[in-house]
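Participant: Build me a model from this:
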Amino acid sequence: MSEDGSMARLPELTRFAEKHRLKMCSVASIIEYRRRHEKLVDRVAETTIPTDFGEFRLVAYETEIDDYHHLALVYGDFGPDDDILVRVHSECLTGDVFGSHRCDCGDQLHESLRMIADEGHGVLLYMRQEGRGIGLVNKIRAYELQDRGLDTVEANEHLGFLPDPREYGIGAQILTDLGVKRMRLITNNPSKRVGLEAHGLIVTDRVPLVIPPNARNERYLQTKKEKMGHLFA
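Facilitator: Presented below is the predicted three-dimensional model:
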């Protein structure tokens, strides 16, 4: 607390810590440490789900650090030494459910399920990270900004977010719980590979996920390539 009884803010806390030779960390840093060093996921429900691509085992997970429930769709059987075909897919209500043409997310979801089924075994994680982790309402706000001329990176930054604030610790823990140690990762995003490898998983190969653009998402995909380093081959 400040001397006047109000909550002390970061600049004041920094001076206080320096004066008294105290260590200081943020709540975000504590959460990141827990993601790396503690088991934070629990398997809470499991069933089978028949789809257009075959029958998957559907496993629901909850975490100890938020209220989100993440899903794993598991196809076939595999062992700990197998190179498993894996897709880590972030929730996109507008693309996955409503078939929005502003992105390629729905097409990526369905193509990944098809690829895994054709492979004979694999895992698709469906992570509750709407809008690259900024949430549904903020994603719609970002769309509003894009309607006014900003690109997807500029819109996120205008709202006070990083271009891609997602983290992959929880996803890595779910994969570990499912018995995945080595994987061939279906992604166009190099940072996704780095994020999973940082949590001890082995990515033996990157499998491209190329979806032909449409007239409404060409700029979106070009921005991901030029500003976020996504690879489309």
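Participant: domain assignment for this structure?
Facilitator: With domains defined by automatic domain parsing, the chain comprises 1-38, 39-129+166-228.
Participant: Put together CSV for the ones you listed, with mean pLDDT and distance to residue 157 on each row.
Facilitator: C-beta here means a position set from N, CA and C on the backbone, and glycine is covered the same way. Output for these, formatted as CSV (pLDDT from 0 to 100; distance: least, CB to CB, whole Å):
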stretch, mean pLDDT, distance to residue 157
domain 1-38, 78, 18
domain 39-129+166-228, 93, 10
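Participant: most neighbours per residue, which of the ones you listed?
Facilitator: Comparing the domains of the chain by mean neighbour count (mean count of other CB atoms under 10 Å), domain 39-129+166-228 ranks first with a mean of 17.
Participant: Nearest to residue 146 among the domains of the chain would be which one?
Facilitator: Nearest of those to residue 146, taken as CB to CB: domain 39-129+166-228 at 8.0 Å.
Participant: what's the helix or strand for residue 62?
Facilitator: Assessed by DSSP states H and E, residue 62 sits inside strand 54-63.
Participant: what separates the longest helix along the chain from the chain centre, distance-wise?
Facilitator: Counting residues, the longest helix found in the chain (DSSP state H) is helix 105-119. How far helix 105-119 lies from its chain's middle: 17 Å, per CA atoms, centre = their mean, to the nearest Å.
Participant: what separates residue 207 from residue 64, distance-wise?
Facilitator: 32 Å (CB to CB, to the nearest Å).
Participant: Sorry, wrong one. I was asking about residue 6.
Facilitator: Applying CB to CB, the value for residue 6 to residue 64 is 31 Å.
Participant: just to revisit the earlier point, which helices and strands does the longest helix of the chain pack with?
Facilitator: When contacts are defined as 3 or more CB pairs under 8 Å, 6 or more residues apart in numbering; DSSP states H and E, helix 105-119 packs onto strand 69-75, strand 83-90, strand 122-127, strand 182-186.
Participant: would you put the C-alpha positions of that helix in PDB?
Facilitator: In PDB, the C-alpha atoms belonging to helix 105-119 read as follows (Å, rounded to 0.1, in the frame of the first residue of the first chain):
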ATOM      1  CA  CYS A 105      -9.500 -21.300 -39.400                       C
ATOM      2  CA  GLY A 106     -12.600 -23.400 -40.200                       C
ATOM      3  CA  ASP A 107     -11.000 -24.900 -43.300                       C
ATOM      4  CA  GLN A 108      -7.800 -25.500 -41.300                       C
ATOM      5  CA  LEU A 109      -9.700 -27.300 -38.600                       C
ATOM      6  CA  HIS A 110     -11.500 -29.600 -41.100                       C
ATOM      7  CA  GLU A 111      -8.400 -30.300 -43.200                       C
ATOM      8  CA  SER A 112      -6.400 -31.200 -40.100                       C
ATOM      9  CA  LEU A 113      -9.000 -33.700 -39.000                       C
ATOM     10  CA  ARG A 114      -8.900 -35.200 -42.500                       C
ATOM     11  CA  MET A 115      -5.100 -35.400 -42.400                       C
ATOM     12  CA  ILE A 116      -5.100 -37.100 -39.000                       C
ATOM     13  CA  ALA A 117      -7.800 -39.600 -40.100                       C
ATOM     14  CA  ASP A 118      -5.900 -40.400 -43.300                       C
ATOM     15  CA  GLU A 119      -2.700 -40.900 -41.300                       C
END
